[in-house]
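Participant: Give me the fold of what follows.
(one chain, ligands or ions: 1)
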Amino acid sequence: MARTRNIWVLPEISDEGEEISKLSLGLLTEARYVAEKVGGAVTALVLGDRTEDYSAILGKYGVSRAYIFQDPLLQNFSAEAYVAALLPRIQSEKPWLLLMGHTTVGRELAPRLAALIDTGVITNCAKIDVSRPEQPRFFRPVYGDQLYQEVVFQTDNTMLVTMDPRALNASPAAKPAKVRVLTIEPKITAESIKTRHLEYLPADSRTVDIADASTIVSAGMGAVTDEILPLVEELAGLIEGAIGTTRPVVDGGKIPRERMIGQTGKVVSPEYYLALGISGATHHVGGIQDSGKIVAVNRDPQAPIFQSSDVGITADLKDVLPVLIERIKRAKNNGEIL
Ligand SMILES: Cc1cc2nc3c(=O)[nH]c(=O)nc-3n(C[C@H](O)[C@H](O)[C@H](O)COP(=O)(O)OP(=O)(O)OC[C@H]3O[C@@H](n4cnc5c(N)ncnc54)[C@H](O)[C@@H]3O)c2cc1C
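Facilitator: Numbers count the residues shown, from 1 in each chain. The predicted model follows:
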């Protein structure tokens, strides 16, 4: 008898607002696309310590069944607790495909589960091709996104995949699905968990993931001299902006790779994007087009970045930044801005 091709998805709940994260809505959308093509159904796995009703949003994205795992030990993410909750269900129901985000959660959880259910895991997948459902093909970026690797599973067990957040786009189903909800109390024992969550430490806005930042202060080649870069960092601290950058700056080792924005870097969508000493090459601008307001400072009036910005300032950063920092500090001291 042909195996039912059911797709299970692990949506993550955002820290604020107890809502399903934007990334996870993209994950649910991807699962629905795959399910439609292979004739399967989508089940969402929601883990936590109390009951929230996510049926409306899950149904909107085409989920037909939700397993709500409830246990006090699931209050914060713990790979051990998540495995204890999920493993018996996966072993008994053997979903065809299990999708997670390539996030802190997915990266830690997927390999553990894969080892325990004796299957493989494909990480950071950017595309799933199910044109031949009996042998799905998965594509993942390699060598700094220069190439795509094509991978297939060689197992009849559940296929475990973490999806590249950059490849996900949230799109509700044409018709909402009716969600059957099953609440499960896995009764996890404290002794089975070897690590303990102590506290969340507030993120330093300058080091926060640029993909989530609402303000980005981005330093291009014109802003990373020994004189200017400390001023950029000071400005970022004052306005609680995350530091972003361009590829040549990363190649020069001045700012780490995870801060790179653009075609081969991250795609960002902050409310405010400050482009400091950035020329505005298409490779870079491709990653900032979803920004709310783009403010550019460049000493070259012909710099292409001005064509993509809402506010453009032709000036030398050496002159502008000290004045700007001074003004912000004064306004903060006077209580004019927080
Ligand atoms: C296949 C491929 C993929 C790529 N992917 C990416 C990508 O993902 N992201 C990315 O960013 N790039 C990418 N690039 C590189 C991209 O083409 C550009 O080379 C790069 O974005 C330029 O970076 P920049 O603006 O920091 O530097 P530059 O082009 O050197 O610009 C520096 C700017 O700073 C200004 N400036 C200098 N000093 C000052 C000062 N004191 N005050 C004010 N302004 C000043 C200059 O006028 C200039 O406009 C890619 C290239 C290739 C070939």
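Participant: burial count for the nearest residue to Pro256 once chain neighbours are set aside?
Facilitator: Distance criterion CB to CB, 6 or more residues apart in numbering; nearest residue to Pro256, sequence neighbours excluded, is Val250 at 7.2 Å. All C-beta atoms are positioned from the backbone trio N, CA, C, and that covers glycine. Residue neighbour count, defined by other CB atoms under 10 Å, stands at 19 for Val250.
Participant: Val250: what's it in contact with?
Facilitator: By CB atoms under 8 Å, 6 or more residues apart in numbering, the contact set of Val250 is 256-257, 259-260, 265.
Participant: for the residues you listed, which one is nearest the ligand?
Facilitator: Closest to the ligand out of these is Gly265 (4.0 Å), distances taken as CB to the nearest ligand atom.
Participant: For the closest one, grab phi and psi.
Facilitator: When quoted as degrees, to the nearest 10, the phi and psi of Gly265 stand at phi -110, psi -150.
Participant: so how far is Gly62 from it?
Facilitator: For Gly265, the distance to Gly62 (CB to CB, to the nearest Å) stands at 31 Å.
Participant: does the closest residue to Thr155 other than its chain neighbours sit in a helix, a strand or a coil?
Facilitator: Spatially, and ignoring its direct neighbours in sequence, Thr155 is nearest to Thr119 (5.1 Å; CB to CB, 6+ apart). Following DSSP: H, G, I helix; E, B strand; the rest coil, Thr119 is assigned to coil.
Participant: and Thr119, how many neighbours?
Facilitator: Per other CB under 10 Å, the neighbour tally for Thr119 reads 18.
Participant: Does it touch Val161 like I think?
Facilitator: No - counting by CB atoms under 8 Å, Thr119 does not reach Val161; the two are 10.5 Å apart.
Participant: Quick check: the closest residue to Thr29 other than its chain neighbours vs Leu25, distance?
Facilitator: Distance criterion CB to CB, 6+ apart; nearest residue to Thr29, sequence neighbours excluded, is Ser171 at 5.0 Å. Counting by CB to CB, the separation of Ser171 from Leu25 is 8 Å.
Participant: Can you read off the pLDDT for the residue most central in space within the chain?
Facilitator: For the chain, the residue sitting closest to the mean C-alpha position, by CA atoms, centre = their mean, is Pro165 at 4.6 Å. pLDDT recorded at Pro165 is 86.
Participant: Can you point out the buried residues in stretch 58-72?
Facilitator: Within stretch 58-72, the residues that count as buried by 16 or more other CB atoms under 10 Å are 58-71.
Participant: Now distance to the ligand and secondary structure too, for these, in CSV please.
Facilitator: Conversion of those to CSV gives the following (distance: CB to the nearest ligand atom, whole Å; DSSP: H, G, I helix; E, B strand; the rest coil):
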residue, distance to the ligand, secondary structure
Leu58, 34, helix
Gly59, 37, helix
Lys60, 33, helix
Tyr61, 30, coil
Gly62, 33, coil
Val63, 34, coil
Ser64, 39, coil
Arg65, 40, strand
Ala66, 38, strand
Tyr67, 39, strand
Ile68, 40, strand
Phe69, 39, strand
Gln70, 42, strand
Asp71, 42, coil
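Participant: now those as TSV including pLDDT?
Facilitator: Formatted as TSV, the buried residues of stretch 58-72 follow (pLDDT from 0 to 100):
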residue	pLDDT
Leu58	96
Gly59	96
Lys60	96
Tyr61	97
Gly62	96
Val63	97
Ser64	96
Arg65	97
Ala66	96
Tyr67	96
Ile68	95
Phe69	95
Gln70	94
Asp71	95
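Participant: Just the closest of those to Glu336, please.
Facilitator: Checking the buried residues of stretch 58-72 against Glu336 by CB to CB gives Lys60 as the nearest, at 42.2 Å.
Participant: any idea how far the closest one is from Ala167?
Facilitator: Computed as CB to CB, the Lys60 to Ala167 distance reads 21 Å.
Participant: Report the secondary structure state of the closest residue to Leu74 other than its chain neighbours.
Facilitator: Spatially, and ignoring its direct neighbours in sequence, Leu74 is nearest to Leu47 (4.7 Å; CB to CB, 6+ apart). Taken by three-state DSSP, the conformation at Leu47 corresponds to strand.
Participant: what about the stretch 1-150 of the chain, any weak spots by pLDDT?
Facilitator: 1-3, 15-18, 51, 144 (pLDDT under 70).
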